[in-house]
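Chemist: Structure, please.
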Amino acid sequence: MSKFIRVNMTTKEVTISAVPDKYQGIAGRALTSNFIADEVPATCHPLGKNNKIIFAPGFLTGTNAANSGRISVGSKSPLTGTIKESNSGGTFSQKMAKMGIKAIAIEGMPADDKFYVLKITIDGLTIEEAPADIMGIGNYKAIELLNAKYGSHVGMALVGPAGEHRLPTANISFKDPESNIRSAGRGGLGAVLGSKKIKALIIEDTNAPGVAIQDPDKFKAAAKVFAKALISHPVSGQALPAYGTDVLVNILNEAGGLPTKNFTAGRADWHEAISGETMNANIKERGGDGKVSHGCHAGCIIHCSQWYPDKKGKYITSGFEYETVWALGADACIKDLDEIAYIDREMDDIGVDSIDVSVAIAVAMAGGLLPLGDGKAALDAVKQIAVPTPLGRILGGGAEIVGKLCGSFRVPTVKGQAIPAYDPRAVKGVGLTYATTPMGADHTAGYSVATNILKVGGFVDPLKKEGQIELSRNLQIATAAVDSTGCCLFIAFAVLDIPEAFEALIDMINAQYGLALTGDDVTALGKSILKVERAFNQAAGIGSAHDRLPEFFEYEPLPPHNTTWDFTPEEIDEVFNF
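Modeler: Here you go, the predicted structure:
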């Protein structure tokens, strides 16, 4: 029997039941968004007693399907005020699925000021007072101490000092197979977990029954086709394993869509210094702990992650993503990749969204709060988030708060969340995604860059309006469905280009559950998720008037193409006309 676990932190009551009927046929993002829409008052304060937070693996999580180890975390966001699904790798999700746990939902908040650890085993869930030695310290040390207490084999989700202080950019960190850090980064869900006074969730899957497969032979055949497609695609099989997501620095710079110096230009003269090619060369040259290619969870075959070492070969950080490198390297003009790596590590250790805080640093530099391009000053400022000093609280509040306090108008946010690493004036499809996704500015919600820049799934000219509405709409629908499978978003490259990959994805789900889903069913699922999310936002007072980009994009041409954001409100509203 699949289990649905509820934890009431007010009463310390734990309820384990069968999965409610309405959640039987959904998983991942579909489950988290429906649950939040059903049970969280849309107008509640995100850090108050009426908000809830839920963890859910996807349809395929816990199986041997390639790249299926992702977890969805859902809540109302303290950063955006919208519904939020935040997604992460690590070991937690697979252990949940193998234990037959469909979801863990947490509600209420303790009357006392103590923090707690939730321990999940095959026998149930217990609430324990958090050890004093893990409070107020960085995630790396906290994981080390929790490994010592509970065993290195356990899965783990935890908040860092930012979550303890309930800062709007606080993330939830998940332990990966080597006890490093993966993050459900966006939207401040670490602050929600902190408001529930939960420091960590520990999951031990000893004696777990595993995931049942209705038709093992059919599943095995489909999984083989699926894995072959991922490996054979030039993006997921070649570029990402070699250069990580940072491969995009040179690509976006060439396209004129690399936001530079707080979104005032589309190219950075120093792009080579922060590129994926340079990252690759540094790792190879330095040796030691360095790894060019690495997976964030068991069963990952794309291996877009890496271990980035210092000049002596000692590990600095892993999962050194393009969006973080871009924001610090191009947007904040920090030209030393090592300095960027140390800041990335510090953000992981403190437990903050490395996109929002990095963009906040760029906005702070443009506003005179920090010196432009100064990596050492930026690192010191990030360290202050853990204390938190006044400056630390300001940066931990995110890019929009920094912009307000600096008196700036060039503040790249939508619904309070920082715009990531693709300028919407030069990559217009992703601009529509930023504007309209229910999540606040989020490239992963409908990654139009694939088609606009990488020519995956066809080609739509990134500088022109034609075809962008349909592109963003279709990709947002598809992404909502992919987020429900438990698969990494990067499977989309193969799914968009290789028909057999899409068919194999559906075949695996059908074989696992004994279903007969079609491509139309997958599309219908994606649409239903988006409708639920948008309805929640509208009930929260966030409607189409908030589906807009900052107006400076409309009147500041972006070099080198000197394009502007030229979609009308009526055109933007067409994205969700389905």
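Chemist: Tell me where the stretch 1-150 of the chain has strands.
Modeler: Residue ranges of the strands in the stretch 1-150 of the chain, as given by DSSP state E, counting those that start in this stretch, are 3-8, 13-18, 53-57, 71-76, 83-88, 101-107, 116-121, 124-129.
Chemist: ok, now which ones touch the residue nearest to Ile491 when sequence neighbours are not counted?
Modeler: Leaving aside its chain neighbours, Ile491 sits nearest to Asn67 (5.6 Å; criterion: C-beta to C-beta, 6 or more residues apart in numbering). Every residue, glycine included, has its C-beta placed from N, CA and C. By C-beta atoms under 8 Å, 6 or more residues apart in numbering, the contact list for Asn67 reads Leu230, Gly299, Cys300, Ile301, Ile302, Cys487, Cys488, Phe490, Ile491.
Chemist: sorry, back to before: out of the strands of the stretch 1-150 of the chain, which gets nearest to Val532?
Modeler: strand 83-88 (8.1 Å; C-beta to C-beta).
Chemist: how about that closest one: buried residues?
Modeler: Ile83, Lys84, Glu85, Ser86, Asn87, Ser88 (16 or more other C-beta atoms under 10 Å).
Chemist: Give the other helices and strands that that strand contacts.
Modeler: helix 28-39, strand 71-76, strand 172-175, strand 181-184, helix 519-539 (3 or more C-beta pairs under 8 Å, 6 or more residues apart in numbering; DSSP states H and E).
Chemist: nearest to Gly108, of the ones you listed?
Modeler: helix 28-39 (12.0 Å).
Chemist: what is the mean pLDDT for that closest one?
Modeler: For helix 28-39, mean pLDDT rounds to 98.
Chemist: Give me the contacts around that helix.
Modeler: 22-23, 26, 52, 54-59, 61, 70, 72-76, 83, 85, 87, 102-103, 105, 107, 480-481, 483-486, 525, 528-529, 532-533, 535-536.
Chemist: rerun that using 7 Å as the cut-off
Modeler: 23, 26, 52, 54, 56-59, 72-76, 83, 85, 103, 105, 480, 483-486, 525, 529, 532-533, 535-536 (C-beta atoms under 7 Å, 6 or more residues apart in numbering).
Chemist: buried subset of those?
Modeler: Judged by 16+ other C-beta under 10 Å, buried ones among these: 23, 26, 52, 54, 56-59, 72-76, 83, 85, 103, 105, 480, 483-486, 525, 529, 532-533, 536.
Chemist: shaky segments in the chain?
Modeler: Along the chain, the model assigns pLDDT under 70 to residues 1.
Chemist: Domain boundaries for it, per the record?
Modeler: Domain assignment for the chain, taken from automatic domain parsing, gives 3-203, 258-422.
Chemist: closest one to Leu432 among these?
Modeler: That would be, of these and by C-beta to C-beta, domain 258-422, which comes in at 11.0 Å.
Chemist: Just the endpoints, please. Distance across that closest one?
Modeler: The straight-line separation of the ends of domain 258-422 (C-alpha to C-alpha, to the nearest Å) is 6 Å.
Chemist: My read is that Ser354 contacts Arg345, right?
Modeler: No. Counting by C-beta atoms under 7 Å, Ser354 stays clear of Arg345, with 9.9 Å between them.
Chemist: Quick check on the two: which one has the bigger neighbour count.
Modeler: Ser354 (28 against 23; other C-beta atoms under 10 Å).
Chemist: rewinding a little: please name whichever of the helices and strands packed on strand 83-88 is nearest to Leu370.
Modeler: That would be strand 181-184 among the helices and strands packed on strand 83-88, by C-beta to C-beta, at 23.3 Å.
Chemist: circling back: got CSV for the strands of the stretch 1-150 of the chain, with distance to Val449 too?
Modeler: Below are the strands of the stretch 1-150 of the chain laid out as CSV (distance: least, C-beta to C-beta, whole Å):
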stretch, distance to Val449
strand 3-8, 37
strand 13-18, 42
strand 53-57, 27
strand 71-76, 22
strand 83-88, 17
strand 101-107, 31
strand 116-121, 37
strand 124-129, 40
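Chemist: Ala504 is nearest to which of the ones you listed?
Modeler: Using C-beta to C-beta, these put strand 53-57 closest to Ala504, at 19.8 Å.
Chemist: Nearest residue to Glu400 in space, please, no chain neighbours.
Modeler: Spatial nearest neighbour of Glu400, excluding adjacent residues (C-beta to C-beta, 6+ apart): Thr413 at 4.4 Å.
Chemist: just Leu167 next, same as before
Modeler: Gly396 (3.7 Å).
Chemist: From Val382, how far off is the one you found?
Modeler: 9 Å (C-beta to C-beta, to the nearest Å).
Chemist: Check Phe553 too.
Modeler: Distance from Phe553 to Val382, by C-beta to C-beta: 27 Å.
Chemist: Next: Gly48.
Modeler: 28 Å.
Chemist: Please say which of those two ends up with more neighbours.
Modeler: Each of Gly48 and Val382 has its neighbours counted (other C-beta under 10 Å); Val382 has more, 28 against 13.
Chemist: any idea how far that one lies from Ser354?
Modeler: Applying C-beta to C-beta to Val382 and Ser354 gives a distance of 10 Å.
Chemist: can you list residues touching both of the two?
Modeler: What both Val382 and Ser354 touch, as defined by C-beta under 7 Å, 6+ apart, is the set Met347.
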